[in-house]
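*Asks:* task: produce atomic coordinates for the following.
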Amino acid sequence: MSILKINIIANFAGKLWTILLGLVLIPFYIRFIGIESYGLVSFFVIMQGTVSLLDFGLSATINREIARFSKWPERFGEARDLARTLEIIYWLVGLFIGCSIYIASSWIATNWLQSGTLSDDVVSSAVAMMGISIGFQWPISLYSGGLMGLERQVLLNFLNITIKTIQGLGALFVLWMIAPTLKVFFSWQIFINIVNVGLFSFLFWRYMLPGSRFAHVKLQSLSGVWRFTLGMGATGLVTFLLSQLDKVILSRVLPLDLLGYYNIANQISLATRMPAASIFAAILPRFSGLLAIEDSISLKSLYHTGCQLVSIVVLPASFTTAIFAHELIFIWTGNETIAQMASPVASILIIGSALNSMLGIPYDLTVANGWSSFGFYQNLISSVVLVPLMLVLVFYFGGIGAATAWLILNLGYMIFSPSIIHRRILP
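*Replies:* Now for the predicted structure:
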């Protein structure tokens, strides 16, 4: 069996396990801490997505560059220096994120979030702990990108399965044995993320391309990648406006319990996207390698095979789940109120996510090709058109409005983007 097939299977297993674990754990979290506190956990998820804006394209850069350098043994030393330089930058950004959220926690609790029964002190303390957790979690994205570029995706998924299982089941255990409070929940998240980042750092450098000397911080190593990195960072900025702005606004205008219902719907939507993400993660470094050696025939074959595989994995499951969202959420949670509140939003989100998944392989091709400006201009044009519409829909229709904006966005992408990519890269 080829490495590519093994990586796809490993990624699929990792994503599937994450889906099943979330489906099992979320109803228990709600029973232990209540829907309003779970809404605060949902805000934690939104913050994680929001601060991803500060990635600046670094994780995509290390994925692509290590995959490319792996084809040229004489340049392994350059790859190691680039990795060390990006690592230091990433840790500094993580420190900035953690400190910023911690300092702003009181303002967020009193001026942003709409809590009901939870006191401002409880909310402020929880937000401060979120900042610490995110600060330690932040560098993991860089190490994960590096391991994917090294095509160590079996190892990466084994680690993710193990850590997420310990993190999820451990959270239930401490809520049960110590106290069902947000302080206990987020203390556990901090502890696990400290262990996790240390493990990922060790294994990344354990399997890094070999070199005759220690890796050094060399800012000049960024000279060959800064355009790509800035392009990916700019793309991330406009992507944030389209994919996260609605959720940020919802966290401001919705009470925490309604935010919890929206997150449940979003979790169902994410579940339908994760199997396709396993394919994207395996194919991206392979695209980079084929482009580096200019093997256009193999590139085209892999591209079309990947698109067909995503269609098979995504479309049947997504549309079935969208049609029976109410029934599935009720079976999942055992709560009719949650099913009634979450299912309409879930159905719209799932259809939009299915369209988004279909665009994953074409987007991977632009990243591997170094065409970072495509994603930037695509999302910039979409932002100009859709962000005003999104703001109106979210303010007037809440979760339904946010989901509708997501559907319109991906429908537009599906109509215009693939043909542009094909003409440029696969004529």
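*Asks:* going forward, measure contacts and count neighbours with C-alpha atoms only.
*Replies:* OK.
*Asks:* so what does the lengthiest helix in the chain touch, helix or strand wise?
*Replies:* Assignment by DSSP state H gives helix 372-425 as the longest helix of the chain. In terms of contacts (3 or more C-alpha pairs under 8 Å, 6 or more residues apart in numbering; DSSP states H and E), helix 372-425 is packed against helix 226-243, helix 245-253, helix 336-358, helix 360-368.
*Asks:* least reliable of those helices by average pLDDT, please.
*Replies:* Averaged per stretch, pLDDT over the helices and strands packed on helix 372-425 is lowest on helix 226-243, reaching a mean of 66.
*Asks:* neighbours of Cys312, how many?
*Replies:* Careful, residue 312 is Ile; it's not Cys. By the measure other C-alpha atoms under 10 Å, the count of residues near Ile312 is 11.
*Asks:* and the gap between it and Ser357?
*Replies:* 11 Å (C-alpha to C-alpha, to the nearest Å).
*Asks:* ok, Gly14 next?
*Replies:* For Gly14, the distance to Ser357 - C-alpha to C-alpha - is 17 Å.
*Asks:* between the longest helix of the chain and helix 360-368, how big is the angle?
*Replies:* 110 degrees (axes from the mean of the first three to the mean of the last three C-alpha atoms, to 10 degrees).
*Asks:* gap between helix 372-425 and the chain center?
*Replies:* Centroid separation for helix 372-425 versus its chain: 18 Å, with C-alpha atoms, centre = their mean, to the nearest Å.
*Asks:* check stretch 205-217 too.
*Replies:* 28 Å.
*Asks:* what does stretch 145-160 give?
*Replies:* The answer for stretch 145-160 is 15 Å, by C-alpha atoms, centre = their mean.
*Asks:* what is the subsequent helix or strand relative to the helix or strand hosting Ser318?
*Replies:* Element membership of Ser318 [criterion: DSSP states H and E] is helix 296-323. With elements assigned by DSSP H and E, the helix or strand that comes after helix 296-323 is helix 325-333.
*Asks:* which elements pack onto that next one?
*Replies:* By 3+ C-alpha pairs under 8 Å, 6+ apart, helix 325-333 packs against helix 3-51, helix 336-358.
*Asks:* switch the cut-off to 7 Å
*Replies:* helix 336-358 (3 or more C-alpha pairs under 7 Å, 6 or more residues apart in numbering; DSSP states H and E).
*Asks:* CA atoms only: put the helix it packs on into PDB for me.
*Replies:* Once non-C-alpha atoms are left out, helix 336-358 reads as follows in PDB (Å, rounded to 0.1, in the frame of the first residue of the first chain):
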ATOM      1  CA  GLU A 336     -36.000  17.700  22.400                       C
ATOM      2  CA  THR A 337     -35.300  21.400  23.200                       C
ATOM      3  CA  ILE A 338     -31.800  21.100  21.900                       C
ATOM      4  CA  ALA A 339     -33.000  19.300  18.800                       C
ATOM      5  CA  GLN A 340     -35.600  22.000  18.100                       C
ATOM      6  CA  MET A 341     -33.200  24.900  18.600                       C
ATOM      7  CA  ALA A 342     -30.200  23.500  16.800                       C
ATOM      8  CA  SER A 343     -31.500  21.400  13.900                       C
ATOM      9  CA  PRO A 344     -32.600  24.300  11.500                       C
ATOM     10  CA  VAL A 345     -29.200  25.900  11.800                       C
ATOM     11  CA  ALA A 346     -27.500  22.600  11.500                       C
ATOM     12  CA  SER A 347     -29.200  21.700   8.200                       C
ATOM     13  CA  ILE A 348     -28.100  25.000   6.500                       C
ATOM     14  CA  LEU A 349     -24.600  24.800   7.900                       C
ATOM     15  CA  ILE A 350     -24.200  21.200   6.700                       C
ATOM     16  CA  ILE A 351     -25.100  22.000   3.100                       C
ATOM     17  CA  GLY A 352     -22.700  25.000   3.100                       C
ATOM     18  CA  SER A 353     -20.000  22.800   4.500                       C
ATOM     19  CA  ALA A 354     -20.500  20.100   1.800                       C
ATOM     20  CA  LEU A 355     -19.900  22.700  -0.800                       C
ATOM     21  CA  ASN A 356     -16.800  24.000   1.100                       C
ATOM     22  CA  SER A 357     -15.400  20.500   1.300                       C
ATOM     23  CA  MET A 358     -15.700  20.100  -2.500                       C
END
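*Asks:* show residues contacting that helix.
*Replies:* 261-262, 264-266, 268-269, 273, 276, 310-311, 314-315, 318-319, 322-323, 325-326, 329-330, 399-400, 403-404, 406-407, 410-411, 414 (C-alpha atoms under 7 Å, 6 or more residues apart in numbering).
*Asks:* tell me the centre residue of the chain?
*Replies:* Gly49 (6.8 Å; C-alpha atoms, centre = their mean).
*Asks:* who are the neighbours in contact with it?
*Replies:* Gln244.
*Asks:* quick one: it and Leu245, what's the gap?
*Replies:* Noted for Gly49: a distance of 10 Å to Leu245, by C-alpha to C-alpha.
*Asks:* check Leu16 too.
*Replies:* For Leu16 relative to Leu245 (C-alpha to C-alpha), the value is 27 Å.
*Asks:* higher neighbour count, the two?
*Replies:* Set Leu16 next to Leu245 and count neighbours by other C-alpha under 10 Å: Leu245 wins out with 21 against 18.
*Asks:* now for that one: which residues touch it?
*Replies:* Leu245 sits in contact with no residue, where contact means C-alpha under 7 Å, 6+ apart.
*Asks:* hmm, Pro255 is touching Ser115, no?
*Replies:* Yes. Using C-alpha atoms under 7 Å, Pro255 is in contact with Ser115, at 6.0 Å.
*Asks:* flag the shaky bits of the protein, pLDDT-wise.
*Replies:* 1-4, 53-58, 73-75, 211-213, 221-222, 224-243 (pLDDT under 70).
*Asks:* what sits closest to Ser298 if chain neighbours are left out?
*Replies:* Spatial nearest neighbour of Ser298, excluding adjacent residues (C-alpha to C-alpha, 6 or more residues apart in numbering): Leu290 at 7.3 Å.
*Asks:* quick one: the one you found and Tyr303, what's the gap?
*Replies:* From Leu290 to Tyr303 the distance is 11 Å (C-alpha to C-alpha).
*Asks:* ok, now Pro210?
*Replies:* Distance from Pro210 to Tyr303, by C-alpha to C-alpha: 30 Å.
*Asks:* of these two, which one has the most company?
*Replies:* Tyr303 (19 against 14).
*Asks:* OK, contacts around the residue lying closest to the more buried one once chain neighbours are set aside?
*Replies:* Once flanking residues are discounted, Tyr303 sits nearest to Ile361: 7.0 Å by C-alpha to C-alpha, 6+ apart. Counting by C-alpha under 7 Å, 6+ apart, Ile361 touches 280, 306-307.
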